[in-house]
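Engineer: For reference, the sequence and a predicted model appear below.
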Amino acid sequence: MDYQHKAIEEKWQKFWADNHTFRVDNTSEKPKYYILDMFPYPSGAGLHVGHPLGYIASDIFARYKRLKGFNVLHPMGYDSFGLPAEQYAIQTGQHPAVTTAANIERYREQLDNIGFSFDWEREVRTSDPAFYKWTQWIFTQLFDAWYNKANDRAEPIATLIAHVETNGSNGLLAVSDEDTAIFTAAQWASFSEEQQQRELLKYRLAYLRESTVNWCPALGTVLANDEVVNGVSERGGYPVVQKKMMQWSMRITAYAERLLNGLDTVDWPDPLVEMQRNWIGKSIGASVRFTVPSLGDDQYIEVFTTRVDTIYGVNALVLAPENELVNQLTTPGQRAEVDAYVAQTKKKSELDRMADVKAVSGAFTGCYVVHPLTAKTIPIWIADYVLAGYGTGAVMAVPSGDQRDYLFSTHFGLPIIPISDAQQLDGQADATKEGRYINSGIINGLTYLEAVDVLVAELESIGAGKATINYRMRDAIFGRQRYWGEPVPVYFKDGLPQLIEEGELPLILPEVDKYLPTESGEPPLGRAKGWKYRDTFEYELSTMPGWAGSSWYWYRYMDAHNAGEFASREAVNYWKAVDLYIGGSEHATGHLLYSRFWNKFLKDMGYVPEEEPFKKLINQGMIQGRSNFVYRVLDAEGKGTNTFVSHGLKDQYATVALHVDVNIVSNDTLDLDSFRQFRPDFVDADFILENGKYHCGHEVEKMSKSKYNVVNPDDIIEQYGADTLRMYEMFLGPLEQSKPWNTNGIEGVYKFLRKLWRLFHDGQGNFSVSDESSSKAELKALHKIIKKVEEDIERFSFNTSVSAFMICVNELTDLKCNKRGILHDLCIVLHPYAPHITEELWTLLGNEPGKLSYATYPAFNPDYLVESEFAYPISVNGKMRMNLPLSLSLEPADVEQAVLANEDVQRYLEGKSIRKVIVVKGRIVNIVV
RNA sequence: GCUCGGGUGGUGAAAUUGGUAGACACGCAAGACUUAAAAUCUUGUUCGCCUUAAAGCGAGUGCGGGUUCGAUUCCCGCCCCGAGUACCA
């Protein structure tokens, strides 16, 4: 029998499922290893060949780790709440739960076809109430917690209450809103319950606050900062505007420093670490207060600066047009101008504002501040180059040291004061920190390093400023005005949010008649009939954002069916953290940051043991589409004819390029019969061929239906089998690299598997192996691959292993090797890559079915690779000339002698004098003449 | 603009510590088997020159320079492509 991939793969997939081969226990004598994939959102389109790339890599790694004696946790699940299902529900009226379940079923079928070794008994779905019960529970924990800066950790809100009851707000070091009250213990006691709760809300890690949010009118919801890309929504690309709204938020900023420091302890790709650093955006500087006498002597504007040393060069204070103070600052005389400018800014979308970086604009408020060190008056301006969302939404303008301030000042004719003797102000600002200060009061003559300390000390002593660290990262908005998400487990009593009792979780997502906002503009949950807490209190009508479930799901896999806890203490302490996480880099600032945040919180509360959840992380590259084109010949009027010209001849005609389904193209050659059936109007298409073939053009684009370049793994598996698909996806190139999918070349992998099959079979297709002992050459081929695969997998270089397997099988074929001992070990080594065929062959060898997954990876013996001779490359002046086989026992001096004595070598040296001979034992000989 | 990747045959790529550049595949060409096709196998395939052939010569890892006996690999400058980010004070 030939290699029958279909029968073999169906047989073993069924066997694995029936025998629970990949069921894993939470206890074991073996060391544990946790391999996690980023779980998919089950979209209606199903999987294309790009999706499983990372799953194949992680599956190879998981299977390899099992062979290496590890107890491996390798689960899979679905991130099944999300916008697309809801948009589909709005269009079709179908419940998102129904379409989601159907999509999951389809995904599961496709995943099963590939032969993954997931423990499906641990599957999770974020939209399952048994799962989101614990997402809601974590929310309640966050609500009931505050961040104590004194201990640098989150604590239960009870410790905060205890503090204020005895000390008031005195000595409280907490991360909080800015408008917290100052009170004594007695005052606290005198507060009404409502006042106390209002105050506590300013400290809770999950809190409700009026904040400026990214509102997306088209989606009818707010979006987190990471869901807004270039001023439009990440999903759908709809415009986003800033709007003030009462919103649930997560105090992730409390963890900014720990999120930053933790990056030094994880083994992640550099670009990803860099992206998180930038997102957190730590800058060290100073905050400075400028008093505003016209508003009163105790009124001030605070600015943040990283260059406090330039403070004597300030010529204006510039506020963001959105800054809340603008209205009160503006004098009657400037009112019209300022209002016009504010209105004009509001009209500009964020996109326009970014595109318009070069154009300088602004308006004078008519108001002045006092410089804290010189007591000079300084005008207050507004300009859109100052962002409301960063720092305090106000800057001190120093035109000599900052290019934006320079352009602003020259445009409006404000004075430019040089502040350093090293500054070169020829038409632009000079941000140098070199030289010594001039025109700078108390720091005249000092260097940069000296000046900063002097200034900060002075500002602190007069109460006008202090050293400050500023973060770009904002607290994360945690509510969405949408239906298909976890309900927030909160009801309102007297306008104050209250948690639902833990025993009453989960708060089930109610049914609604339509998935649209109510007539009064409430979120869809406002449509739920009779949906009230204890039939009395209004529930929160927002749902949680998409990232809620994915911020802790890896713990649920550890103990997926636990009804009493998110995961048992034993399970969490056994599996601890994810050892290897594989997924796309598109989650760099969203999922991976929120997950680390929740993990740190859960650790602070004593629920999990590790500070960082993902020890090692690999980003698989994106698989792009590779489109094929046919060229339709145009007639004299420029209209399309029914004639198509091959790519190489298209320049001789007027043509228009059309996408053609890549599945009817093989090695860029079009299948003409399939093409005639591709579209009805192609039925009697004519072709202008090259050498009897129609060659298509090609281009790399996004993989999408409209470009006819989507390749479904099911089709590949039907034709070549899952083992071929797995190996070919790896063979395509380095895992981390993005590359277009091209089915050209898959034949090579398929041929390899058939060649492997033939090693075990005679010419008639009968199973035939020999029990004779193995030859030296056979053992060498085997042990080369044992070593190579081990090294390759450990450094995630899966593509090079596939080549090595091909070399190995080619060598064994040349040796006509059918020795049981060699083939037995080869099955184990290849098994992670091609699990089905190796299970079959391993069973044919007489082993117990199914035990291959837990076999022992063969031990590498270097003795089999030892050579007595080496064909030394002989180069002359660094140019390789010939090979000369010599014994490896020869020392460099003997090698030199042997080489120079050789006739063929002498031919290259004729008439030249030898200056030097370099001999690297076992490597190379280089003769310098 | 800044940050990080990357640039090697017709194509995907390999070269792990500075040591034979192009392994392994695809494609292509020629051949064997076959009535034929498929499958399989064999040979060739970086480019240029020379040659009936064997062989030989020269160039070659984006470009220019440097270090070294020796550079795809290290250093300096430049060009191009991709990703991220962008008025962050």
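Structural biologist: Alright, I've got the coordinates. These figures come from a predicted structure and were not determined experimentally.

Engineer: okay, CA-based contacts and neighbour counts for the rest of this
Structural biologist: Fine.

Engineer: Residues of the stretch 151-300 of chain A that sit close to RNA strand B?
Structural biologist: Contacts of the stretch 151-300 of chain A with RNA strand B, taken as CA under 7 Å from any atom of the strand, map to A:229-230, A:270-271, A:274-275, A:281, A:283, A:285.

Engineer: number of nearby residues for A:Gly697?
Structural biologist: For A:Gly697, the neighbour count with other CA atoms under 10 Å is 20.

Engineer: beta partners for the residue lying closest to it once chain neighbours are set aside?
Structural biologist: Excluding the flanking residues, the one nearest A:Gly697 by CA to CA, 6 or more residues apart in numbering is A:Phe629, at 4.9 Å. Going by DSSP bridges, A:Phe629 is paired in beta bridges with A:His659, A:Gly697.

Engineer: I'd say A:Phe629 and A:Ile664 touch.
Structural biologist: No: assessed by CA atoms under 8 Å, A:Phe629 is found out of contact with A:Ile664, at 11.4 Å.

Engineer: Show me which of these two is the more surrounded one.
Structural biologist: Between A:Phe629 and A:Ile664, counted using other CA under 10 Å, A:Phe629 has the larger neighbour count: 24 against 16.

Engineer: State the distance from that one to RNA strand B.
Structural biologist: A:Phe629 sits 16 Å away from RNA strand B, going by CA to the nearest atom of the strand, to the nearest Å.

Engineer: what does A:Lys819 give?
Structural biologist: Taking CA to the nearest atom of the strand, one finds A:Lys819 at 19 Å from RNA strand B.

Engineer: How about that residue: what's its closest non-neighbour residue?
Structural biologist: Per CA to CA, 6+ apart, closest to A:Lys819 is A:Ser770, 4.8 Å.

Engineer: can you map out the helices along the stretch 351-500 of chain A?
Structural biologist: A:403-412, A:448-461 (DSSP state H, counting those that start in this stretch).

Engineer: Ranking those helices by mean neighbour count, which comes first?
Structural biologist: Most buried of those by mean neighbour count (mean count of other CA atoms under 10 Å) is helix A:403-412; its value is a mean of 18.

Engineer: That helix near RNA strand B anywhere?
Structural biologist: Yes: against RNA strand B, helix A:403-412 shows contacts by CA under 7 Å from any atom of the strand at A:Arg404.

Engineer: name the helices or strands packed onto that helix?
Structural biologist: Packing partners of helix A:403-412 (3 or more CA pairs under 8 Å, 6 or more residues apart in numbering; DSSP states H and E): none among the helices and strands.

Engineer: Run the chain-centre distance for that helix.
Structural biologist: Centroid separation for helix A:403-412 versus its chain: 38 Å, with CA atoms, centre = their mean, to the nearest Å.

Engineer: and what of stretch A:817-833?
Structural biologist: 37 Å.

Engineer: Buried ones in it, by neighbour count?
Structural biologist: A:817-833 (16 or more other CA atoms under 10 Å).

Engineer: what residues does it touch?
Structural biologist: Stretch A:817-833 has contacts (CA atoms under 8 Å, 6 or more residues apart in numbering) with A:59-64, A:67, A:723, A:726-727, A:759-760, A:768-774, A:778-779, A:782, A:785-786, A:789, A:805, A:838-839, A:841-842, A:845, A:852-853, A:855-858.

Engineer: In helices only, show me these.
Structural biologist: Judged by DSSP state H, those include A:59-64, A:67, A:723, A:726-727, A:759, A:778-779, A:782, A:785-786, A:789, A:805, A:838-839, A:841-842 as members of helices.

Engineer: quick one: low-confidence parts of chain A?
Structural biologist: Along chain A, segments meeting pLDDT under 70 span A:1, A:348-358.

Engineer: ok and the residue in it nearest RNA strand B?
Structural biologist: When distances are taken as CA to the nearest atom of the strand, chain A reaches nearest to RNA strand B at A:Thr305, 2.6 Å away.

Engineer: Name the residues of the stretch 751-900 of chain A found near RNA strand B, please.
Structural biologist: A:751, A:754-755, A:788, A:791-792, A:799-800, A:802-804, A:806-807, A:810, A:871-873, A:877-880, A:883.

Engineer: In strands, which of the residues you listed appear?
Structural biologist: A:871-873, A:879-880, A:883 (DSSP state E).

Engineer: and those residues as TSV, adding neighbour count?
Structural biologist: Below are these laid out as TSV (neighbours: other CA atoms under 10 Å):
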residue	neighbour count
A:Ala871	15
A:Tyr872	23
A:Pro873	18
A:Lys879	12
A:Met880	13
A:Asn883	16
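
Engineer: what's the most distant pair in the residues you listed?
Structural biologist: Using CA to CA, these span at most 16.0 Å, a distance reached by A:Ala871 and A:Lys879.

Engineer: And the strands in the stretch 201-350 of chain A?
Structural biologist: Applying DSSP state E, counting those that start in this stretch to the stretch 201-350 of chain A gives strands spanning A:206-216, A:221-223, A:228-229, A:232-233, A:241-250, A:282-291, A:300-305, A:316-319.

Engineer: can I get the CA coordinates of the last one in CSV?
Structural biologist: Read it as strand A:316-319. Extracted in CSV, the C-alpha atoms of strand A:316-319 (Å, rounded to 0.1, in the frame of the first residue of the first chain):
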residue,chain,number,x,y,z
ALA,A,316,4.5,81.8,27.2
LEU,A,317,2.4,79.2,28.7
VAL,A,318,0.5,77.2,26.1
LEU,A,319,-2.7,75.3,26.9
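
Engineer: ranges for the strands of the stretch 801-929 of chain A?
Structural biologist: With DSSP E, counting those that start in this stretch as the criterion, the stretch 801-929 of chain A has strands at A:869-876, A:879-887, A:916-920, A:924-928.

Engineer: Make sure A:Phe682 is actually in contact with A:Asn642.
Structural biologist: Yes: with contacts counted by CA under 8 Å, A:Phe682 reaches A:Asn642, the gap being 7.1 Å.

Engineer: that older thread, from the buried residues of stretch A:817-833, which land in helices?
Structural biologist: Going by DSSP H, the helices hold A:820-830 from the buried residues of stretch A:817-833.

Engineer: ok, back up a step: please identify the deepest-packed of the strands of the stretch 201-350 of chain A.
Structural biologist: Mean neighbours per residue, mean count of other CA under 10 Å, is largest over these for strand A:316-319, with a mean of 26.

Engineer: What are the contacting residues of stretch A:162-172?
Structural biologist: Identification of contacts with stretch A:162-172 by CA under 8 Å, 6+ apart yields A:181-189.

Engineer: try it again with 7 Å
Structural biologist: Here stretch A:162-172 makes contact (CA atoms under 7 Å, 6 or more residues apart in numbering) with A:182-185, A:188-189.

Engineer: ok so, going back, what residues does the residue nearest to A:Lys819 make contact with?
Structural biologist: A:818-820.

Engineer: A:Leu329: what's it in contact with?
Structural biologist: Contacts of A:Leu329 by CA under 7 Å, 6+ apart are A:365, A:367.

Engineer: Likewise for A:Leu725?
Structural biologist: Per CA under 7 Å, 6+ apart, neighbours of A:Leu725: A:716-717.

Engineer: What segments of the stretch 551-700 of chain A are helices?
Structural biologist: Secondary structure of the stretch 551-700 of chain A (DSSP H, counting those that start in this stretch): helices located at A:553-556, A:569-575, A:591-604, A:672-678.

Engineer: Tell me the spacing between A:Val241 and A:Val288.
Structural biologist: 30 Å (CA to CA, to the nearest Å).

Engineer: same thing with A:Gln91?
Structural biologist: Distance from A:Gln91 to A:Val288, counting by CA to CA: 53 Å.

Engineer: likewise A:Ile477?
Structural biologist: Distance of A:Ile477 to A:Val288, given as CA to CA: 29 Å.

Engineer: Also A:Tyr368?
Structural biologist: Relative to A:Val288, A:Tyr368 is positioned 15 Å away (CA to CA).

Engineer: before we move on, what about A:Leu295?
Structural biologist: 18 Å.

Engineer: Touching, A:Val288 and A:Ile462? I think so.
Structural biologist: No: counting by CA atoms under 7 Å, A:Ile462 is not a contact partner of A:Val288; they are 10.9 Å apart.
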